[in-house]
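K.L.:
Make a model of this:
(chains A, B, C and D)
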Number of protein chains: 2
Amino acid sequence: MAKGRPREFDTEEALDKAIIVFWRKGYRGTSLDDLTEAMEINRPSLYAAFVDKERLFLSAIDRYRSKFLAPPTKKLINASSLREGLPEFLKGMGAVILNDETPPGCMIACLLSEECCDSAAIKGKLLDSIALADSTFQPIFEKHKAELAPGIDPATAARLLTTALHGMAIRARAGGGKRDLVRISSGLVRALLCG
Amino acid sequence: MAKGRPREFDTEEALDKAIIVFWRKGYRGTSLDDLTEAMEINRPSLYAAFVDKERLFLSAIDRYRSKFLAPPTKKLINASSLREGLPEFLKGMGAVILNDETPPGCMIACLLSEECCDSAAIKGKLLDSIALADSTFQPIFEKHKAELAPGIDPATAARLLTTALHGMAIRARAGGGKRDLVRISSGLVRALLCG
DNA sequence: GCAATAATGTACTGACTGGTATATAATAGA
DNA sequence: TCTATTATATACCAGTCAGTACATTATTGC
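P.N.:
Purely as a prediction, here's the structure:
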(Lines give C-alpha, C1' and ligand atoms only; values in the text may rest on other atoms or scores of the structure.)
Protein backbone atom coordinates (compact mmCIF):
# COMPACT_ATOMS: atom_id res chain seq x y z
CA MET A 1 0.00 0.00 0.00
CA ALA A 2 0.81 3.75 0.34
CA LYS A 3 4.23 4.20 -1.16
CA GLY A 4 6.37 7.22 -0.55
CA ARG A 5 6.60 9.58 2.38
CA PRO A 6 3.37 9.59 4.38
CA ARG A 7 1.27 12.74 4.60
CA GLU A 8 1.88 14.57 7.84
CA PHE A 9 -1.53 16.18 8.10
CA ASP A 10 -5.14 15.03 8.06
CA THR A 11 -6.93 16.32 4.98
CA GLU A 12 -10.27 16.70 6.73
CA GLU A 13 -8.74 18.63 9.60
CA ALA A 14 -6.94 20.86 7.13
CA LEU A 15 -10.20 21.37 5.24
CA ASP A 16 -11.95 22.30 8.48
CA LYS A 17 -9.36 24.99 9.04
CA ALA A 18 -9.72 26.22 5.46
CA ILE A 19 -13.48 26.50 5.97
CA ILE A 20 -13.02 28.98 8.79
CA VAL A 21 -10.70 31.18 6.75
CA PHE A 22 -12.87 31.24 3.65
CA TRP A 23 -15.99 31.71 5.77
CA ARG A 24 -14.58 34.85 7.34
CA LYS A 25 -12.66 36.40 4.45
CA GLY A 26 -14.43 35.14 1.35
CA TYR A 27 -12.93 33.42 -1.66
CA ARG A 28 -11.07 36.33 -3.19
CA GLY A 29 -10.25 37.84 0.18
CA THR A 30 -8.42 34.70 1.23
CA SER A 31 -4.84 34.37 0.02
CA LEU A 32 -2.78 31.24 -0.30
CA ASP A 33 -0.67 32.55 2.57
CA ASP A 34 -3.79 32.85 4.73
CA LEU A 35 -4.67 29.26 3.87
CA THR A 36 -1.27 27.68 4.38
CA GLU A 37 -0.88 29.45 7.69
CA ALA A 38 -4.29 28.41 8.98
CA MET A 39 -4.05 24.87 7.64
CA GLU A 40 -0.49 24.55 8.94
CA ILE A 41 0.75 23.03 5.72
CA ASN A 42 2.96 24.44 3.00
CA ARG A 43 1.98 25.36 -0.51
CA PRO A 44 3.05 22.26 -2.43
CA SER A 45 1.25 20.06 0.10
CA LEU A 46 -1.88 22.13 -0.35
CA TYR A 47 -1.72 21.87 -4.12
CA ALA A 48 -0.98 18.15 -3.99
CA ALA A 49 -3.96 17.49 -1.76
CA PHE A 50 -6.51 20.03 -3.04
CA VAL A 51 -5.49 20.78 -6.68
CA ASP A 52 -5.84 24.57 -6.60
CA LYS A 53 -7.53 27.40 -4.74
CA GLU A 54 -10.90 27.11 -6.45
CA ARG A 55 -11.11 23.34 -5.98
CA LEU A 56 -10.12 23.75 -2.35
CA PHE A 57 -12.87 26.32 -1.95
CA LEU A 58 -15.45 24.04 -3.55
CA SER A 59 -14.32 21.17 -1.33
CA ALA A 60 -14.62 23.45 1.67
CA ILE A 61 -18.18 24.31 0.64
CA ASP A 62 -19.07 20.63 0.36
CA ARG A 63 -17.67 19.87 3.77
CA TYR A 64 -19.35 22.96 5.21
CA ARG A 65 -22.69 21.68 3.95
CA SER A 66 -22.32 18.25 5.49
CA LYS A 67 -20.73 19.46 8.69
CA PHE A 68 -22.87 22.49 9.51
CA LEU A 69 -26.06 22.43 7.47
CA ALA A 70 -26.88 18.73 7.35
CA PRO A 71 -27.31 18.07 11.11
CA PRO A 72 -30.17 20.55 11.72
CA THR A 73 -31.76 19.43 8.47
CA LYS A 74 -31.74 15.79 9.52
CA LYS A 75 -33.57 16.66 12.70
CA LEU A 76 -36.21 18.48 10.67
CA ILE A 77 -36.64 15.47 8.40
CA ASN A 78 -37.20 13.24 11.38
CA ALA A 79 -39.48 15.61 13.25
CA SER A 80 -42.95 14.36 13.93
CA SER A 81 -44.58 17.71 13.19
CA LEU A 82 -43.74 21.08 11.67
CA ARG A 83 -45.04 22.80 14.76
CA GLU A 84 -42.25 21.17 16.73
CA GLY A 85 -39.64 20.54 14.08
CA LEU A 86 -39.60 23.87 12.25
CA PRO A 87 -38.78 26.14 15.22
CA GLU A 88 -36.09 23.72 16.33
CA PHE A 89 -34.65 23.65 12.81
CA LEU A 90 -34.59 27.43 12.60
CA LYS A 91 -32.94 27.60 15.99
CA GLY A 92 -30.28 25.17 14.79
CA MET A 93 -29.66 27.11 11.60
CA GLY A 94 -29.58 30.34 13.58
CA ALA A 95 -26.84 28.84 15.72
CA VAL A 96 -24.85 28.02 12.58
CA ILE A 97 -25.02 31.48 11.07
CA LEU A 98 -24.48 33.32 14.34
CA ASN A 99 -22.32 32.02 17.17
CA ASP A 100 -19.05 32.74 18.90
CA GLU A 101 -17.05 29.90 17.38
CA THR A 102 -17.42 30.52 13.67
CA PRO A 103 -17.70 33.61 11.43
CA PRO A 104 -21.16 35.11 11.00
CA GLY A 105 -23.34 34.27 8.01
CA CYS A 106 -23.56 31.29 5.71
CA MET A 107 -20.83 30.32 3.29
CA ILE A 108 -23.34 29.57 0.59
CA ALA A 109 -25.58 32.61 0.91
CA CYS A 110 -22.89 35.16 1.70
CA LEU A 111 -19.88 33.95 -0.26
CA LEU A 112 -21.05 32.12 -3.34
CA SER A 113 -23.43 34.85 -4.41
CA GLU A 114 -20.72 37.43 -5.00
CA GLU A 115 -18.29 35.13 -6.72
CA CYS A 116 -20.73 33.22 -8.85
CA CYS A 117 -20.81 35.53 -11.87
CA ASP A 118 -17.13 34.87 -12.53
CA SER A 119 -16.86 31.13 -12.14
CA ALA A 120 -19.25 28.64 -13.67
CA ALA A 121 -18.21 26.08 -11.06
CA ILE A 122 -19.11 28.38 -8.18
CA LYS A 123 -22.37 29.44 -9.80
CA GLY A 124 -23.21 25.78 -10.30
CA LYS A 125 -22.49 25.07 -6.66
CA LEU A 126 -24.80 27.87 -5.55
CA LEU A 127 -27.66 26.86 -7.84
CA ASP A 128 -27.19 23.26 -6.78
CA SER A 129 -27.26 24.19 -3.09
CA ILE A 130 -30.49 26.10 -3.55
CA ALA A 131 -32.10 23.30 -5.51
CA LEU A 132 -30.99 20.80 -2.87
CA ALA A 133 -32.49 22.89 -0.08
CA ASP A 134 -35.78 23.30 -1.95
CA SER A 135 -36.03 19.62 -2.75
CA THR A 136 -35.11 18.64 0.78
CA PHE A 137 -37.77 20.85 2.35
CA GLN A 138 -40.56 20.16 -0.12
CA PRO A 139 -41.29 16.51 0.85
CA ILE A 140 -41.19 17.52 4.51
CA PHE A 141 -43.95 20.04 3.86
CA GLU A 142 -45.80 17.45 1.76
CA LYS A 143 -45.67 15.05 4.66
CA HIS A 144 -47.11 17.57 7.09
CA LYS A 145 -49.30 19.34 4.57
CA ALA A 146 -52.18 19.68 7.00
CA GLU A 147 -50.11 21.99 9.17
CA LEU A 148 -49.48 24.51 6.39
CA ALA A 149 -51.33 27.80 6.32
CA PRO A 150 -54.18 27.88 3.80
CA GLY A 151 -52.99 28.95 0.36
CA ILE A 152 -49.40 27.81 0.98
CA ASP A 153 -48.54 24.70 -1.00
CA PRO A 154 -45.53 22.54 -0.04
CA ALA A 155 -43.38 23.59 -3.03
CA THR A 156 -43.87 27.26 -2.25
CA ALA A 157 -43.31 26.74 1.46
CA ALA A 158 -40.03 24.99 0.71
CA ARG A 159 -38.82 27.87 -1.46
CA LEU A 160 -39.91 30.44 1.11
CA LEU A 161 -37.96 28.61 3.79
CA THR A 162 -34.80 28.41 1.68
CA THR A 163 -35.14 32.06 0.74
CA ALA A 164 -35.71 33.22 4.30
CA LEU A 165 -32.67 31.29 5.52
CA HIS A 166 -30.49 33.04 2.97
CA GLY A 167 -31.84 36.41 4.01
CA MET A 168 -31.23 35.58 7.66
CA ALA A 169 -27.65 34.63 6.87
CA ILE A 170 -27.05 38.01 5.28
CA ARG A 171 -28.50 39.72 8.31
CA ALA A 172 -26.23 37.77 10.62
CA ARG A 173 -23.26 38.62 8.42
CA ALA A 174 -24.11 42.31 8.66
CA GLY A 175 -23.90 42.16 12.41
CA GLY A 176 -27.57 41.70 13.17
CA GLY A 177 -28.24 40.32 16.62
CA LYS A 178 -29.64 36.99 17.72
CA ARG A 179 -32.85 38.73 18.74
CA ASP A 180 -33.61 39.76 15.17
CA LEU A 181 -33.02 36.24 13.92
CA VAL A 182 -35.33 34.81 16.55
CA ARG A 183 -38.04 37.30 15.64
CA ILE A 184 -37.76 36.44 11.96
CA SER A 185 -37.75 32.72 12.68
CA SER A 186 -40.85 32.81 14.80
CA GLY A 187 -42.58 35.14 12.35
CA LEU A 188 -41.80 32.74 9.55
CA VAL A 189 -43.27 29.85 11.50
CA ARG A 190 -46.44 31.82 12.13
CA ALA A 191 -46.63 32.85 8.47
CA LEU A 192 -46.14 29.35 7.09
CA LEU A 193 -48.16 27.25 9.50
CA CYS A 194 -51.88 27.39 10.08
CA GLY A 195 -53.47 28.97 13.13
CA MET B 1 -16.47 80.12 -11.04
CA ALA B 2 -14.87 76.76 -11.97
CA LYS B 3 -11.22 77.48 -12.49
CA GLY B 4 -8.90 75.18 -14.35
CA ARG B 5 -9.53 72.69 -17.10
CA PRO B 6 -13.14 71.49 -17.10
CA ARG B 7 -13.95 67.86 -16.40
CA GLU B 8 -14.62 65.96 -19.61
CA PHE B 9 -16.99 63.40 -18.15
CA ASP B 10 -20.17 63.43 -16.11
CA THR B 11 -19.60 61.97 -12.66
CA GLU B 12 -23.07 60.46 -12.40
CA GLU B 13 -22.80 58.79 -15.79
CA ALA B 14 -19.39 57.43 -14.81
CA LEU B 15 -20.85 56.18 -11.54
CA ASP B 16 -23.66 54.46 -13.42
CA LYS B 17 -21.08 52.60 -15.47
CA ALA B 18 -19.13 51.68 -12.36
CA ILE B 19 -22.29 50.26 -10.82
CA ILE B 20 -22.67 47.78 -13.65
CA VAL B 21 -19.09 46.55 -13.34
CA PHE B 22 -19.19 46.15 -9.56
CA TRP B 23 -22.64 44.58 -9.76
CA ARG B 24 -21.39 41.88 -12.08
CA LYS B 25 -17.89 41.22 -10.77
CA GLY B 26 -18.06 42.18 -7.11
CA TYR B 27 -15.80 44.55 -5.23
CA ARG B 28 -12.65 42.47 -5.16
CA GLY B 29 -13.30 40.96 -8.57
CA THR B 30 -13.33 44.39 -10.17
CA SER B 31 -9.94 45.87 -10.99
CA LEU B 32 -9.06 49.49 -11.58
CA ASP B 33 -8.50 48.59 -15.22
CA ASP B 34 -12.04 47.19 -15.41
CA LEU B 35 -13.35 50.41 -13.94
CA THR B 36 -11.39 52.88 -16.04
CA GLU B 37 -12.29 50.98 -19.19
CA ALA B 38 -16.00 50.86 -18.38
CA MET B 39 -16.15 54.41 -17.11
CA GLU B 40 -14.09 55.65 -20.05
CA ILE B 41 -11.86 57.75 -17.87
CA ASN B 42 -8.24 57.31 -16.84
CA ARG B 43 -6.90 56.50 -13.44
CA PRO B 44 -5.96 59.95 -12.14
CA SER B 45 -9.39 61.26 -13.15
CA LEU B 46 -11.04 58.42 -11.27
CA TYR B 47 -9.00 59.07 -8.16
CA ALA B 48 -9.60 62.81 -8.36
CA ALA B 49 -13.35 62.34 -8.62
CA PHE B 50 -13.94 59.31 -6.39
CA VAL B 51 -11.00 59.23 -3.92
CA ASP B 52 -10.19 55.51 -4.10
CA LYS B 53 -11.65 52.14 -5.00
CA GLU B 54 -13.53 51.59 -1.74
CA ARG B 55 -15.06 55.07 -1.72
CA LEU B 56 -16.06 54.63 -5.35
CA PHE B 57 -17.71 51.34 -4.45
CA LEU B 58 -19.59 52.89 -1.54
CA SER B 59 -20.71 55.76 -3.79
CA ALA B 60 -21.87 53.21 -6.34
CA ILE B 61 -23.89 51.44 -3.66
CA ASP B 62 -25.55 54.70 -2.63
CA ARG B 63 -26.46 55.51 -6.20
CA TYR B 64 -27.64 51.95 -6.79
CA ARG B 65 -30.00 52.28 -3.86
CA SER B 66 -31.55 55.52 -5.06
CA LYS B 67 -31.62 54.56 -8.72
CA PHE B 68 -32.84 50.96 -8.53
CA LEU B 69 -34.33 50.26 -5.11
CA ALA B 70 -36.02 53.53 -4.26
CA PRO B 71 -38.54 53.69 -7.15
CA PRO B 72 -40.40 50.44 -6.39
CA THR B 73 -40.28 51.31 -2.71
CA LYS B 74 -41.90 54.69 -3.27
CA LYS B 75 -44.77 53.05 -5.08
CA LEU B 76 -45.27 50.71 -2.13
CA ILE B 77 -45.31 53.64 0.27
CA ASN B 78 -47.99 55.34 -1.78
CA ALA B 79 -50.08 52.24 -2.38
CA SER B 80 -53.59 52.34 -1.00
CA SER B 81 -53.50 48.74 0.19
CA LEU B 82 -51.04 45.92 0.75
CA ARG B 83 -53.18 43.62 -1.33
CA GLU B 84 -52.46 45.81 -4.33
CA GLY B 85 -49.18 47.42 -3.41
CA LEU B 86 -47.20 44.45 -2.16
CA PRO B 87 -47.44 42.27 -5.30
CA GLU B 88 -46.58 45.27 -7.44
CA PHE B 89 -43.61 46.08 -5.21
CA LEU B 90 -42.33 42.52 -5.38
CA LYS B 91 -42.74 42.55 -9.13
CA GLY B 92 -40.73 45.74 -9.33
CA MET B 93 -37.97 44.37 -7.11
CA GLY B 94 -37.99 41.15 -9.11
CA ALA B 95 -37.37 43.21 -12.23
CA VAL B 96 -34.39 44.86 -10.54
CA ILE B 97 -32.70 41.65 -9.48
CA LEU B 98 -33.44 39.76 -12.68
CA ASN B 99 -33.60 41.40 -16.10
CA ASP B 100 -31.67 41.52 -19.35
CA GLU B 101 -30.13 44.96 -18.87
CA THR B 102 -28.29 44.58 -15.59
CA PRO B 103 -26.42 41.76 -13.82
CA PRO B 104 -28.50 39.34 -11.75
CA GLY B 105 -28.93 39.77 -8.01
CA CYS B 106 -28.78 42.74 -5.70
CA MET B 107 -25.61 44.70 -4.99
CA ILE B 108 -26.43 44.90 -1.32
CA ALA B 109 -27.47 41.32 -0.67
CA CYS B 110 -24.98 39.62 -2.97
CA LEU B 111 -21.91 41.83 -2.78
CA LEU B 112 -21.77 43.49 0.60
CA SER B 113 -22.29 40.27 2.52
CA GLU B 114 -19.04 38.70 1.37
CA GLU B 115 -16.90 41.77 1.74
CA CYS B 116 -18.31 43.04 4.98
CA CYS B 117 -16.08 41.09 7.38
CA ASP B 118 -13.01 42.87 6.02
CA SER B 119 -14.12 46.48 5.87
CA ALA B 120 -15.94 48.26 8.65
CA ALA B 121 -17.27 50.78 6.12
CA ILE B 122 -18.81 48.05 3.96
CA LYS B 123 -20.23 46.24 6.97
CA GLY B 124 -21.74 49.50 8.14
CA LYS B 125 -23.29 50.07 4.75
CA LEU B 126 -24.87 46.62 4.80
CA LEU B 127 -26.25 46.93 8.31
CA ASP B 128 -27.50 50.39 7.48
CA SER B 129 -29.23 49.17 4.33
CA ILE B 130 -30.98 46.43 6.25
CA ALA B 131 -32.08 48.79 9.00
CA LEU B 132 -33.32 51.25 6.40
CA ALA B 133 -35.36 48.58 4.65
CA ASP B 134 -36.88 47.37 7.91
CA SER B 135 -37.76 50.86 9.04
CA THR B 136 -39.18 51.77 5.65
CA PHE B 137 -41.46 48.74 5.52
CA GLN B 138 -42.59 48.77 9.14
CA PRO B 139 -44.75 51.92 9.01
CA ILE B 140 -46.31 50.68 5.79
CA PHE B 141 -47.42 47.52 7.55
CA GLU B 142 -48.56 49.60 10.52
CA LYS B 143 -50.69 51.69 8.21
CA HIS B 144 -52.37 48.64 6.69
CA LYS B 145 -52.27 46.54 9.82
CA ALA B 146 -55.74 45.15 9.23
CA GLU B 147 -54.54 43.38 6.11
CA LEU B 148 -51.82 41.42 7.93
CA ALA B 149 -52.30 37.74 8.67
CA PRO B 150 -53.23 37.04 12.28
CA GLY B 151 -50.16 36.67 14.49
CA ILE B 152 -47.95 38.77 12.19
CA ASP B 153 -47.15 42.15 13.68
CA PRO B 154 -45.87 45.01 11.49
CA ALA B 155 -42.30 44.92 12.80
CA THR B 156 -42.00 41.23 12.07
CA ALA B 157 -43.65 41.56 8.68
CA ALA B 158 -41.14 44.26 7.75
CA ARG B 159 -38.20 42.06 8.69
CA LEU B 160 -39.66 39.08 6.87
CA LEU B 161 -40.05 41.15 3.73
CA THR B 162 -36.48 42.48 3.88
CA THR B 163 -35.17 39.00 4.54
CA ALA B 164 -37.15 37.41 1.72
CA LEU B 165 -35.94 40.04 -0.73
CA HIS B 166 -32.35 39.24 0.13
CA GLY B 167 -32.96 35.56 -0.34
CA MET B 168 -34.64 36.21 -3.69
CA ALA B 169 -31.65 38.24 -4.81
CA ILE B 170 -29.34 35.35 -4.05
CA ARG B 171 -31.59 33.02 -6.02
CA ALA B 172 -31.57 35.35 -9.00
CA ARG B 173 -27.79 35.63 -8.75
CA ALA B 174 -27.48 31.84 -8.85
CA GLY B 175 -29.34 31.72 -12.13
CA GLY B 176 -32.81 30.97 -10.78
CA GLY B 177 -35.56 31.79 -13.25
CA LYS B 178 -38.23 34.46 -13.14
CA ARG B 179 -40.80 31.75 -12.49
CA ASP B 180 -39.24 30.86 -9.15
CA LEU B 181 -39.15 34.50 -8.09
CA VAL B 182 -42.82 34.94 -8.98
CA ARG B 183 -43.75 31.85 -7.01
CA ILE B 184 -41.85 33.06 -3.97
CA SER B 185 -43.34 36.56 -4.26
CA SER B 186 -46.90 35.35 -4.43
CA GLY B 187 -46.28 32.85 -1.66
CA LEU B 188 -44.90 35.60 0.51
CA VAL B 189 -47.98 37.75 -0.10
CA ARG B 190 -50.26 34.87 0.85
CA ALA B 191 -48.17 34.16 3.96
CA LEU B 192 -48.09 37.76 5.16
CA LEU B 193 -51.60 38.94 4.37
CA CYS B 194 -54.82 37.65 5.80
CA GLY B 195 -57.28 35.46 3.92
C1' DG C 1 21.02 -1.34 1.88
C1' DC C 2 19.06 0.20 -2.64
C1' DA C 3 15.81 1.87 -5.87
C1' DA C 4 11.25 3.94 -6.46
C1' DT C 5 7.80 6.91 -4.79
C1' DA C 6 5.64 10.63 -2.65
C1' DA C 7 5.46 14.41 0.76
C1' DT C 8 7.93 18.61 2.65
C1' DG C 9 10.43 23.11 2.81
C1' DT C 10 12.35 27.01 0.47
C1' DA C 11 12.59 30.02 -2.82
C1' DC C 12 11.13 31.71 -6.87
C1' DT C 13 8.26 33.49 -11.04
C1' DG C 14 5.52 36.27 -14.13
C1' DA C 15 1.28 38.52 -13.87
C1' DC C 16 -1.53 41.58 -11.81
C1' DT C 17 -2.93 44.73 -7.95
C1' DG C 18 -4.17 49.59 -6.17
C1' DG C 19 -2.22 53.83 -6.24
C1' DT C 20 0.87 57.80 -7.90
C1' DA C 21 4.66 60.92 -10.11
C1' DT C 22 5.36 63.63 -13.93
C1' DA C 23 4.36 66.04 -17.91
C1' DT C 24 0.84 68.17 -20.82
C1' DA C 25 -3.47 70.46 -22.10
C1' DA C 26 -7.37 73.39 -21.25
C1' DT C 27 -9.78 76.73 -18.81
C1' DA C 28 -10.60 81.50 -15.79
C1' DG C 29 -9.09 85.77 -14.29
C1' DA C 30 -5.80 89.52 -14.71
C1' DT D 1 -0.64 87.38 -23.05
C1' DC D 2 0.63 85.77 -18.70
C1' DT D 3 -0.36 83.17 -14.39
C1' DA D 4 -2.87 80.13 -11.51
C1' DT D 5 -5.58 76.17 -11.45
C1' DT D 6 -7.43 71.86 -12.60
C1' DA D 7 -8.12 67.88 -15.68
C1' DT D 8 -5.90 64.47 -18.74
C1' DA D 9 -2.49 61.03 -20.44
C1' DT D 10 1.34 58.02 -19.93
C1' DA D 11 4.19 55.56 -17.50
C1' DC D 12 5.57 53.85 -13.52
C1' DC D 13 5.95 51.83 -8.56
C1' DA D 14 6.18 48.62 -4.72
C1' DG D 15 3.45 44.97 -3.06
C1' DT D 16 0.76 40.93 -3.58
C1' DC D 17 -1.25 37.25 -6.08
C1' DA D 18 -1.70 32.12 -7.52
C1' DG D 19 1.04 28.71 -8.88
C1' DT D 20 5.66 25.95 -9.43
C1' DA D 21 10.80 24.24 -9.75
C1' DC D 22 14.02 22.19 -7.11
C1' DA D 23 16.27 20.05 -3.60
C1' DT D 24 15.40 17.23 0.56
C1' DT D 25 13.30 13.85 3.55
C1' DA D 26 10.68 9.87 4.75
C1' DT D 27 8.49 5.81 3.53
C1' DT D 28 7.60 0.89 0.81
C1' DG D 29 9.08 -3.05 -1.78
C1' DC D 30 12.93 -5.65 -3.02
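
K.L.:
quick one: low-confidence ranges for chain A?
P.N.:
Within chain A, the segments meeting pLDDT under 70 span A:1.

K.L.:
What residues does it have near DNA strand C?
P.N.:
A:3-9, A:41-45, A:48-49 (C-beta under 7 Å from any atom of the strand). (Glycine included, C-beta is placed from N, CA and C.)

K.L.:
among the residues you listed, who's most crowded?
P.N.:
Among the residues of chain A next to DNA strand C, A:Ile41 has the most neighbours (other C-beta atoms under 10 Å in any protein chain shown), with 21 neighbours.

K.L.:
Check which helix or strand the residue nearest to it when sequence neighbours are not counted maps to.
P.N.:
Distance criterion C-beta to C-beta, 6 or more residues apart in numbering or on different chains; nearest residue to A:Ile41, sequence neighbours excluded, is A:Phe9 at 5.3 Å. Per DSSP states H and E, A:Phe9 falls between elements, in no helix or strand.

K.L.:
List phi and psi for A:Phe9.
P.N.:
A:Phe9 adopts backbone torsions of phi -130, psi 160, taken as degrees, to the nearest 10.

K.L.:
show me the residues around it that make contact.
P.N.:
Neighbour list for A:Phe9: A:Met39, A:Glu40, A:Ile41, A:Ser45 [criterion: C-beta atoms under 8 Å, 6 or more residues apart in numbering or on different chains].

K.L.:
Can you tell me how far whichever residue of chain A sits closest to DNA strand C is from DNA strand D?
P.N.:
As assessed by C-beta to the nearest atom of the strand, DNA strand C sits closest to A:Gly4 within chain A, at 1.8 Å. Distance of A:Gly4 to DNA strand D, given as C-beta to the nearest atom of the strand, to the nearest Å: 5 Å.

K.L.:
May I have the secondary structure class of that residue?
P.N.:
coil (DSSP: H, G, I helix; E, B strand; the rest coil).

K.L.:
circling back: please identify which pair of the residues of chain A next to DNA strand C lies farthest apart.
P.N.:
Farthest pair in those (C-beta to C-beta) is A:Lys3 and A:Arg43. Separation: 22.7 Å.

K.L.:
wait, isn't A:Ile77 in contact with A:Phe141?
P.N.:
No - using C-beta atoms under 8 Å, A:Ile77 is not in contact with A:Phe141; the gap is 11.5 Å.

K.L.:
Can you list phi and psi of the residue of chain A closest to DNA strand C for me?
P.N.:
Dihedral pair for A:Gly4: phi 80, psi 180, per degrees, to the nearest 10.

K.L.:
all helices for chain A, in order.
P.N.:
Ranges of helices within chain A are A:11-25, A:32-39, A:43-50, A:53-64, A:70-78, A:82-97, A:113-115, A:120-143, A:154-174, A:178-192, based on DSSP state H.

K.L.:
tell me the angle of the third one relative to helix A:32-39?
P.N.:
Meaning helix A:43-50. Relative orientation of helix A:43-50 versus helix A:32-39 (axes from the mean of the first three to the mean of the last three C-alpha atoms, to 10 degrees): 80 degrees.

K.L.:
near DNA strand D, which residues of chain A?
P.N.:
Within chain A, the positions near DNA strand D by C-beta under 7 Å from any atom of the strand are A:1-6, A:30-33, A:43-44, A:47, A:52-54.

K.L.:
residues touching the spatially closest residue to A:Phe141 that is not a sequence neighbour, list them.
P.N.:
In this structure, A:Phe141 finds its nearest non-sequential neighbour in A:Pro154, 3.6 Å apart by C-beta to C-beta, 6+ apart. Going by C-beta under 8 Å, 6+ apart, A:Pro154 touches A:Gln138, A:Pro139, A:Phe141, A:Glu142, A:Lys145, A:Leu148.
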